[in-house]
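Output the structure for:
(one chain, ligands or ions: 2)
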Amino acid sequence: MAEHVEVMLTEEEVDRKIKELGEKISADYAGRQVHLVCVLKGGSFFMCELAKRITVPVSLDFMSVSSYGGDTKSSGVVRIVKDLDEPLNGKDVIVIEDIVDSGRTLSYLLEMLSDRKPNSLKLCTLLDKPERRVVDVKVDYTGFAIPDEFVVGYGLDYDQRYRNLPYIGVVKFD
Ligand code: IMP
Ligand code: MG
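Residues are numbered from 1 along each chain as shown. Ligands and ions are numbered 1, 2, ... in the order given. Below is the predicted model of the structure:
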């Protein structure tokens, strides 16, 4: 099926927002080191840009999860495909996500990570679709709240494509 992508948030809008988030995080974590945990693959573009805007010391780690049953949207039970390299105990951790949709993946993940005894654990997402929430998740830093549309770009994919778009777009089927 043919499709095209319409711009929802321009590259400039996204960059400006990430700069703001970086400034906010730098102020909130003044005098501390922040440990960013990226949820692959979607969170990777956002995390790199955000990390560059944070002025307190930063360390990074990555994890990859998939839901049992394949469809991330239908199940909240998460399987770790790639675990973190480093322990979290005593660290000030911020989980970096591309989007919070139903909230199922994040609520499961945050519970699992809090068992590893970080000093603090927060969640930062570039996008949030509040209308779609099924499971309550506390989001500490949000880039943009967006309407219930399927978006791509800045790490988000449709069938593994479009992650590399430097803006956020909506997929429209022709
Ligand atoms: P959850 O429903 O909050 O558990 O979100 C699960 C995952 O679904 C997200 O981390 C994304 O990878 C994916 N997802 C949700 N909405 C979109 C979208 O609009 N575009 C691309 N991926 C999405
Ligand atoms: Mg994701």
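
contacts and neighbour counts: CA atoms only from here.
OK.

Residue numbers of the protein in contact with ligand 1?
Residues of the chain lying close to ligand 1 (Cα under 6 Å from any ligand atom) are 42, 72-73, 99-106, 149-152, 156-157.

Can you show me the helices along the protein?
Listed in chain order, the helices of the chain (DSSP state H) span 11-28, 43-52, 104-114.

By mean pLDDT, show me the worst of these.
Note on these: helix 104-114 shows the lowest mean pLDDT, a mean of 93.

now it: how far from the chain's centre is it?
Put simply, helix 104-114 sits 13 Å off its chain's centre (Cα atoms, centre = their mean, to the nearest Å).

tell me which residues in it are buried?
For helix 104-114, the neighbour count (16 or more other Cα atoms under 10 Å) marks Arg104, Thr105, Leu106, Ser107, Tyr108, Leu109, Leu110, Leu113, Ser114 as buried.

helices and strands around it, which ones?
Judged by 3 or more Cα pairs under 8 Å, 6 or more residues apart in numbering; DSSP states H and E, the packing partners of helix 104-114 are strand 78-82.

Other residues contacting the strand it packs on?
Strand 78-82 is contacted by residues Phe62, Met63, Ser64, Val65, Ser66, Ser67, Tyr68, Thr105, Tyr108, Leu109 when judged by Cα atoms under 8 Å, 6 or more residues apart in numbering.

Inside strands: which ones of those?
Phe62, Met63, Ser64, Val65, Ser66, Ser67 (DSSP state E).

between those, which is closest to His4?
Ser66 (27.1 Å; Cα to Cα).

ok, now which ones touch that closest one?
Contacts of Ser66 by Cα under 8 Å, 6+ apart are Thr72, Val78, Arg79, Ile80, Val81.

From the residues of the chain next to ligand 1, list just the buried residues.
42, 72, 99-106, 151-152, 156-157.

Quick one: low-confidence residue ranges for the chain.
Across the chain, the stretches falling below the confidence threshold (pLDDT under 70) are 1, 68-76.

what about the helices of the chain, which gets the closest to Tyr141?
Closest among these, using Cα to Cα: helix 11-28, at 7.3 Å.

Who are the packing partners of that closest one?
Using 3+ Cα pairs under 8 Å, 6+ apart, helix 11-28 sits against helix 43-52, strand 141-145.

Perfect, that will be all.
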